[in-house]
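[1] Sequence and computational prediction follow.
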Amino acid sequence: MADASIVTAIISAAGGIIGALSALGGVALTNRSNAKKEERDARRRHEEHQQQAREQAFGDLMGGVLKLRLRVEVAAQHGWEDMNARLSAIEEQAASVGDLASRVAVLSPGRAARTARALATAAYGLASQATQHTRMNYDGDGEFVSGQMLERPSFDRLDRCVDDFSQAVDGAQGDELVGPISES
């Protein structure tokens with residue numbers, strides 16, 4: 001029969017090996033669990049960042065549209081000695097609205113993108129109307145003197161597109177905004 005001290009040594013060694021393997025398995029499970037938790041946290045932070053970027057883009061677009069509308073309303077009130085600069089600012093603001101709408105479309109495809117693009121098109125149309133309805137006055141030497149909008153541009157299409165975009169943003173669920181928009 002085997003010596004009792006050898007059996008005891010084998011049992012002790014086997015117990016140590018089993019204990020070490022258990023500890024390694026526990027560490028591996030803990031590391032895997034921590035890695036999954038870190039991955040979930042990173043995904044959540046990314047989603048929160050994306051949502052903040054979308055909300056910022058939505059707000060920037062609405063602010064840009066309202067600024068354009070105000071510029072056109074003020075320019076249409078009466079004649080201005082700086083009407084050429086006012087029309088230039090209106091055209092630049094319409095272009096800015098187009099850029100902001102493109103950002104919304106990239107960050108939020110679906111209904112928000114469609115309504116943002118429609119809003120940009122309406123902004124371009126409003127700027128075009130403002131220019132078309134303005135009579136510029138020049139002196140005898142051909143120098144610009146003043147300008148005046150002869151007809152107040154219509155804000156109907158822009159206002160409908162603002163309403164459609166607001167509904168798309170208000171009805172946002174997750175990343176995808178879906179549904180019909182009104183054709184203007």
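    All right, it came through fine.

[2] Report the separation between the residue lying closest to Asp139 once chain neighbours are set aside and Gly79.
    Among residues not flanking Asp139 along the chain, Val145 sits closest, at 5.2 Å (Cβ to Cβ, 6 or more residues apart in numbering). Backbone N, C-alpha and C define where each C-beta goes, glycine included. Using Cβ to Cβ, to the nearest Å, one gets 10 Å for the distance from Val145 to Gly79.

[3] Quick check, Phe144 in contact with Thr134.
    No: the criterion here is Cβ atoms under 8 Å, and Phe144 misses it with Thr134 at 11.8 Å.

[4] the more surrounded of these two?
    Between Phe144 and Thr134, Thr134 has the larger neighbour count (other Cβ atoms under 10 Å), namely 22 against 14.

[5] Identify the bridge partners of the more buried one.
    Met149 (DSSP bridges).

[6] Over to Gly110?
    Leu177.

[7] Give me the distance between it and Ala168.
    In terms of Cβ to Cβ, Gly110 sits 8 Å off from Ala168.

[8] now swap in Asp156 and tell me
    Asp156 is 19 Å from Ala168, where distance means Cβ to Cβ.

[9] between those two, who's got more neighbours?
    Ala168 (25 against 10).

[10] Look at the more buried one and report its pLDDT.
    Ala168 is assigned 92 on the pLDDT scale.

[11] where in this structure is pLDDT low?
    1-4, 7, 9, 11, 13-16, 18-30, 172-184 (pLDDT under 70).

[12] Please, where are all the helices along it?
    Applying DSSP state H to the chain gives helices spanning 4-77, 83-107, 111-132, 156-170.

[13] between those, which one is nearest to Met149?
    With Cβ to Cβ as the criterion, Met149 lies closest to helix 4-77 of those, at 4.5 Å.

[14] elements contacting the closest one?
    helix 83-107, helix 111-132, helix 156-170 (3 or more Cβ pairs under 8 Å, 6 or more residues apart in numbering; DSSP states H and E).

[15] Residues in contact with the longest one: which ones?
    Contacts with helix 83-107, where a contact means Cβ atoms under 8 Å, 6 or more residues apart in numbering, come from 50, 53-54, 57-58, 60-61, 64-65, 67-68, 71-72, 74-75, 80, 112-113, 116-117, 119-120, 123-124, 126-127, 130-131, 134, 136, 144, 146-148.

[16] buried ones in that helix?
    Using 16 or more other Cβ atoms under 10 Å as the test for burial, helix 83-107 gives 83, 86-87, 89-91, 93-98, 100-105, 107.

[17] repeat for stretch 40-58
    Applying 16+ other Cβ under 10 Å to stretch 40-58 flags 54, 57-58 as buried.

[18] one step back: now the helices and strands packed on helix 4-77 as a markdown table including distance to Lys37?
    Output for the helices and strands packed on helix 4-77, formatted as a markdown table (distance: least, Cβ to Cβ, whole Å):
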| stretch | distance to Lys37 |
| --- | --- |
| helix 83-107 | 28 |
| helix 111-132 | 32 |
| helix 156-170 | 33 |
